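>>> Just to be clear, the model below is a prediction. Sequence and coordinates:
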Amino acid sequence: MSKYSHNYNVILDNMDLNEYRLRPISAIMYLQDAFARYCATRKMAAYDLFPQNLYWIVSEFNIEFLSKTPFWSEEITTEIWISEITKLKIYTDFKLYYRGEVFAQGNGCWFILDQKTKRPAKTDIITEHFEICPELVLGEHKKFTLGEIKDKVSEIVHKNNLSDLDFNNHVNNKSYINIAEATSTDEFKKSHTLKTLNIKFNRESFLDDVLVCATYKTDKPGYICSYNNQRRCINLRNSDIMGK
């Protein structure tokens, strides 16, 4: 079996309060959970790698939304598979189904890092446990380009706290996404619909780091949301948000 599927129900924490539907950015959380479950079936979960001084890290997500997201409590199906493996990178492609139809699809890029050096480990260990299904839903895997930053739309400052951390003791992806969404006003969210979302994780941030999150208009249709870590690093998020 080269593809992995798992069913979920849209829960209260993952829906918007305007239409009672799955928040588009919450779809990424289901995908990450599905990939973790897939890894667990192949004895490659985080707790399997830890004794080898290794851990998973995602470097980017690219996702496009094809239709409205599911309503609260509705069942969705995630389908995810490893589509390409290079010397250091592991690519996954995925689809999200609602009532038998695909409502979102995309891909992600993963690394296995050495806990001590923080450098990518070779992917030989992966090929021993997973088969490759060369189905690419967004075409060839390649780097996306950010538009040129223009006017600043909004900005917030966030200090990382314990609730932001994951089992690796760095800030989890869900927190980054929630903070980025918080830069938008309710009026903006009501007047725009998220069509495509490209997320690039450059570095980790940690407890008590102060993140300045700003949203900018670009020379392309859409917006860029970027993080400036005042203590350690810069993380970029690129969100292409099209108006209704």
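Right, received. Where do you want to start? Predicted model only: the values in this text are computed from it and were never measured. Numbering: from 1, shown residues only.
>>> any idea how the chain splits into domains?
3-127, 149-243 (automatic domain parsing).
>>> can you tell me which of those the model trusts least?
Mean pLDDT values for these show the minimum at domain 149-243, a mean of 77.
>>> Same list (the domains of the chain) but as a markdown table, adding mean neighbour count and distance to L136.
Where you see a C-beta, it was placed from the backbone N, CA and C, and this is true even at glycine. Formatted as a markdown table, the domains of the chain follow (neighbours: other C-beta atoms under 10 Å; distance: least, C-beta to C-beta, whole Å):
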| stretch | mean neighbour count | distance to L136 |
| --- | --- | --- |
| domain 3-127 | 17 | 6 |
| domain 149-243 | 16 | 16 |
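>>> how about the ones you listed in CSV, adding distance to K143?
Shown next, in CSV, are the domains of the chain (distance: least, C-beta to C-beta, whole Å):
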stretch, distance to K143
domain 3-127, 8
domain 149-243, 9
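>>> the helices in this protein, which residues?
Counting by DSSP state H, the chain has helices at residues 27-41, 46-49, 124-127, 173-182, 186-191.
>>> can I assume A180 is in contact with C225?
Yes - the pair A180 and C225 qualifies as a contact (C-beta atoms under 8 Å) at a distance of 4.4 Å.
>>> any idea where the strands of this structure begin and end?
Assigned by DSSP state E, the chain shows strands spanning 3-9, 54-65, 75-85, 90-98, 101-114, 149-159, 192-200, 210-218, 223-229, 234-243.
>>> Can you tell me the strand partners of the fourth one and which way each runs?
For strand 90-98, sheet partners with direction are given as strand 75-85 (antiparallel), strand 101-114 (antiparallel), following DSSP bridges.
>>> what residues does that strand touch?
27, 30-31, 34-35, 67, 69-70, 74-85, 102-112, 123, 126, 133, 135-138, 141 (C-beta atoms under 8 Å, 6 or more residues apart in numbering).
>>> thinking K200 is in contact with G108, fair?
No - taking C-beta under 8 Å as the definition, K200 is not a contact partner of G108, at 11.1 Å.
>>> what sits in contact with each of those two?
Joint contacts of K200 and G108 (C-beta under 8 Å, 6+ apart) are E60.
>>> quick one on the thing from earlier: closest to Q52 out of the strands paired with strand 90-98?
When the strands paired with strand 90-98 are compared by C-beta to C-beta, strand 101-114 sits nearest Q52, at 9.3 Å.
>>> Just want the angle from that closest one to strand 54-65.
Here the directions of strand 101-114 and strand 54-65 differ by 160 degrees (axes from the mean of the first three to the mean of the last three C-alpha atoms, to 10 degrees).
>>> List the contacts of C213.
So C213 contacts 155-158, 179-180, 182-183, 225-227 (C-beta under 8 Å, 6+ apart).
>>> Relative to H6, which of the residues you listed is nearest.
A180 (25.8 Å).
>>> Now do that closest one against I156, distance only.
9 Å (C-beta to C-beta, to the nearest Å).
>>> hang on, the earlier thing: in CSV, list the helices of the chain along with distance to S2.
Shown next, in CSV, are these (distance: least, C-beta to C-beta, whole Å):
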stretch, distance to S2
helix 27-41, 10
helix 46-49, 20
helix 124-127, 13
helix 173-182, 25
helix 186-191, 38
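>>> So which of these is nearest D151?
Among these, helix 186-191 comes nearest to D151, with 13.8 Å by C-beta to C-beta.
>>> The nearest residue to N168 once chain neighbours are set aside pairs with what?
Nearest residue to N168, sequence neighbours excluded (C-beta to C-beta, 6 or more residues apart in numbering): Y55, at 5.8 Å. Beta-bridge partners for Y55, by DSSP bridges, are L113.
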